[in-house]
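1. I would like to see how this sequence folds:
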Amino acid sequence: MEGDQIGRFSGKVVLVTGAASGIGEAAARRFGHEGAILVLADQNAEGLNKVAGSIEAADTLAVVADLSDAERCQDVVAQAVQRFGRLDVLINNAGKDHLGRVDEGDIDDFSTIIETDLYGVFYMTRFALPHLRESRGSIVNVSSVSGLGGDWNHSFYCAAKGAVTNFTRAVALDEARNGVRVNAVNPSLVYTPFTAGMQEQPELVAKFEERIPMGRGAKPDDISGVIAFLASEDAHFVTGVNLPVDGGLSASNGQPKLN
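-> Next comes the predicted model:
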């Protein structure tokens, strides 16, 4: 893996949610390659077990769980600590998307997005914090550029990710004196199963890529390396940051390219 540091997480217990595919899978593989003990959680049992069975890691525990459920989140953390005796890093990655205007679709769709993308982050953070205080560990939330600015036809998702963005800042303030760092990555387009529907529309993908100064969307490893950095001691004086990992997209003020 490009830019990896073998052994950087040796002896560390890293919990990754949404680990069955995409950014979560890439993060799990990155941490495992760098020596971590892994706890992987996802509601997709088949995908989760496939990743857990193929990953390089000091040890791995896979827990099938719906991360929008508070009791299941509490159980994931409890299983991690019972099995390995500690928790050093929490990666809150599990999430769902929703496309549509605020007055379209089922009202319950809003609850579904909020419960997974926001409540799941809250639940996991709440239950993990006592153990992260003991280890003086860190949290990295996977937010989005949609949590830094609005998107057309994405009001539900923007609401959830906007909340995650500011939740990251607030918890970072509260936990800094407890030795727990809290940061987030804010990706734009990432080529994963999460964006599979979009990738089937070449004209739409081209519009996204035209807006990204680096000329392409991200690969999962483009994001996982930044997650690993924020979770590592290399970032020991970094907390409360929402870091765009977007190929330069957020450097623009929105005006069109002139040449």
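
2. Correct me if wrong: A65 contacts D42.
-> Yes. Under the criterion of CB atoms under 8 Å, A65 makes contact with D42 at 7.4 Å. Yep, even glycine has a C-beta here, placed from its N, CA and C like the rest.

3. Neighbour count: those two, which is higher?
-> More neighbours surround D42 than the other of A65 and D42, with 28 against 23 (other CB atoms under 10 Å).

4. any idea how far G217 is from that one?
-> According to CB to CB, to the nearest Å, D42 and G217 sit 22 Å apart.

5. For the helix or strand encompassing Y157, buried residues please.
-> Y157 belongs to helix 155-175 when assigned by DSSP states H and E. By neighbour count on 16 or more other CB atoms under 10 Å, the buried set for helix 155-175 is 155-165, 167-169, 171-172, 175.

6. Off-centre distance for that helix?
-> Centre-to-centre, helix 155-175 and its host chain are 12 Å apart (CA atoms, centre = their mean, to the nearest Å).

7. what do you get for stretch 95-114?
-> 20 Å.

8. Same question for stretch 97-115.
-> 20 Å.

9. Show the average pLDDT along that stretch.
-> Throughout stretch 97-115, pLDDT has a mean value of 87.

10. Which parts of the stretch 1-150 of the chain are helices?
-> Taking DSSP state H, counting those that start in this stretch as the test, the helices found in the stretch 1-150 of the chain are 22-33, 45-54, 70-84, 107-114, 120-135.

11. And the helices in the stretch 151-259 of the chain, which stretches?
-> According to DSSP H, counting those that start in this stretch, the stretch 151-259 of the chain carries its helices in the segments 155-175, 196-199, 202-211, 220-231.

12. follow-up on the earlier one: tabulate the helices of the stretch 1-150 of the chain (CSV), appending distance to L99.
-> Formatted as CSV, these follow (distance: least, CB to CB, whole Å):
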stretch, distance to L99
helix 22-33, 17
helix 45-54, 22
helix 70-84, 26
helix 107-114, 10
helix 120-135, 20
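
13. now, of those helices, which is deepest in the fold?
-> helix 22-33 (a mean of 27; mean count of other CB atoms under 10 Å).

14. Does anything pack onto that one? Which helices or strands?
-> strand 13-17, strand 37-42, helix 45-54, strand 89-92, helix 220-231 (3 or more CB pairs under 8 Å, 6 or more residues apart in numbering; DSSP states H and E).

15. and the angle for it with strand 37-42?
-> 170 degrees (axes from the mean of the first three to the mean of the last three CA atoms, to 10 degrees).

16. Please name the nearest non-neighbouring residue to T192.
-> G22 (3.4 Å; CB to CB, 6 or more residues apart in numbering).

17. was I right about I55 contacting G32?
-> Yes. With contact defined as CB under 8 Å, I55 counts as touching G32 (5.0 Å).

18. Tell me the residues that contact both of these two, please.
-> Shared contacts of I55 and G32 (CB atoms under 8 Å, 6 or more residues apart in numbering): L38.

19. For T239, which phi and psi angles does the backbone take?
-> Here is the backbone geometry of T239 (degrees, to the nearest 10): phi -150, psi 150.

20. And it, how far from A28?
-> Relative to A28, T239 is positioned 23 Å away (CB to CB).

21. Compare the helices of the stretch 151-259 of the chain and say which comes out lowest on pLDDT.
-> Taking the mean pLDDT of those, helix 196-199 comes last: a mean of 60.

22. residues near the closest residue to T239 other than its chain neighbours, how many?
-> Using CB to CB, 6+ apart and skipping residues adjacent in sequence, the residue nearest T239 is R181, 4.1 Å away. Neighbourhood size, R181 [other CB under 10 Å]: 25.

23. got it, and I91?
-> Neighbourhood size, I91 [other CB under 10 Å]: 31.

24. just checking, it touches S138?
-> No. Assessed by CB under 8 Å, I91 is found out of contact with S138, at 9.4 Å.
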